[in-house]
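Student: sequence first, then the predicted structure:
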Amino acid sequence: MKSSRTLATWMLAGLMTLGAILCPPRPAIHTQGIEEEELSAEVLQRDIHFLQMLMQLKLTGEQRASAAKAIEAFHQKREATLKLAEPPELLTALSAIREALLKGQAPTPAMREAVEAARPRDEGSLDKAFTEARQEVLTALESVLTDDQKEQLGILPLIGVAEEVIGMCLHSRELDTAEAREMRLNAFPEIRDQLAFAAGDGSQRVLGDFQSLINRISALTPEQVEPQREQLIAQIVTLLKTTFDKNPEMSAERLRDQLWGWVTEPRVHALLRGSAAAMGAQ
């Protein structure tokens, strides 16, 4: 584990990226490049959040170029897999049925037979191909990052959780006492389950520490929270990270979830590619 100074530095630096981390997933944007999407203020802000994170991680131009190539290779393999799942014969057969229905005509038995004949027979191999491509791109992205960068990247979601904890605590102060108490005792069930699983035999102590933090923050007024916000975030993140690190598989999965987000968000590939070029990398 890194020194407490390094951990605190990256916990605070990660605050700049919270907007991107806490935003709910958005529908996929079908684009191959930045120039093809309208650059609204929201889009530009998302770009800025991601580029700030790259800067905080100190990704070099070469690292960005390698990450972009790995993501591009994945999407090429995915497109090839989709073509196997949707061969031209199947599209032609389906189009024939669609045209008949547009004319108000019932599809003929021959049309339906053509559809069935064109369907891929081995769907399991397609699922396997996708799984292998996913594994390959995640492994490639992990290999691009240094150990320090991977640790720093893994901290960012925990900062998001810490911010949510503080927000919930402040909100609970606005409610009736009974409702507020119920909220605090049952908040973040998924996080509690993960803490209990990672802590193993020490789960009761860890859950008690987590609840104590919630209770202590809830007792503070907003005016008292703000001067202590960075310290409170550090305390929450330290508890989460220390516990999750007891289960290396959970920590590894958290990192892979982060990297999978790079793969599935269409703008990330374009940003990595454009940033690498702007930094002089091939």
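Tutor: Everything's here; your move.

Student: mind listing what Gly261 touches?
Tutor: Val268 (CB atoms under 8 Å, 6 or more residues apart in numbering). In this view, the C-beta of every residue, glycine as well, is placed from N, C-alpha and C.

Student: what pLDDT does it get?
Tutor: Per-residue pLDDT puts Gly261 at 94.

Student: so how far is Leu141 from it?
Tutor: 11 Å (CB to CB, to the nearest Å).

Student: what does Ala73 give?
Tutor: Counting by CB to CB, the gap from Ala73 to Leu141 is 11 Å.

Student: between the two, who's got more neighbours?
Tutor: For Ala73 versus Leu141, neighbours defined as other CB atoms under 10 Å are more numerous around Leu141 (23 against 14).

Student: hang on, Ile233 packs against Ala162?
Tutor: Yes - counting by CB atoms under 8 Å, Ala162 is a contact partner of Ile233 at 4.4 Å.

Student: between these two, who's got more neighbours?
Tutor: Remark: of Ile233 and Ala162, Ala162 carries more neighbours, 26 against 23, as counted by other CB under 10 Å.

Student: which element is the more buried one on?
Tutor: Element membership of Ala162 [criterion: DSSP states H and E] is helix 147-172.

Student: which helix or strand lies directly C-terminal to that helix?
Tutor: By DSSP H and E, the next helix or strand past helix 147-172 is helix 177-186.

Student: between helix 147-172 and that next one, find me the angle.
Tutor: Interaxial angle, helix 177-186 versus helix 147-172 (axes from the mean of the first three to the mean of the last three CA atoms, to 10 degrees): 160 degrees.

Student: quick one: contacts of the helix or strand just after helix 177-186?
Tutor: Following helix 177-186 in sequence order, the next helix or strand is helix 189-199 (DSSP H and E). For helix 189-199, the external contacting residues (CB under 8 Å, 6+ apart) are 161, 203, 205-207, 210, 240, 243-244, 246-247, 250.

Student: dump helix 189-199 to PDB, restricted to CA.
Tutor: Coordinates of each C-alpha in helix 189-199 appear next as PDB, following Å, rounded to 0.1, in the frame of the first residue of the first chain:
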ATOM      1  CA  PRO A 189     -26.500  -1.700   1.500                       C
ATOM      2  CA  GLU A 190     -24.400  -2.800  -1.500                       C
ATOM      3  CA  ILE A 191     -21.300  -1.100   0.000                       C
ATOM      4  CA  ARG A 192     -22.000  -2.700   3.400                       C
ATOM      5  CA  ASP A 193     -22.300  -6.100   1.700                       C
ATOM      6  CA  GLN A 194     -19.000  -5.600   0.000                       C
ATOM      7  CA  LEU A 195     -17.300  -4.500   3.200                       C
ATOM      8  CA  ALA A 196     -18.600  -7.500   5.100                       C
ATOM      9  CA  PHE A 197     -17.500  -9.900   2.300                       C
ATOM     10  CA  ALA A 198     -14.000  -8.400   2.100                       C
ATOM     11  CA  ALA A 199     -13.600  -8.100   5.900                       C
END
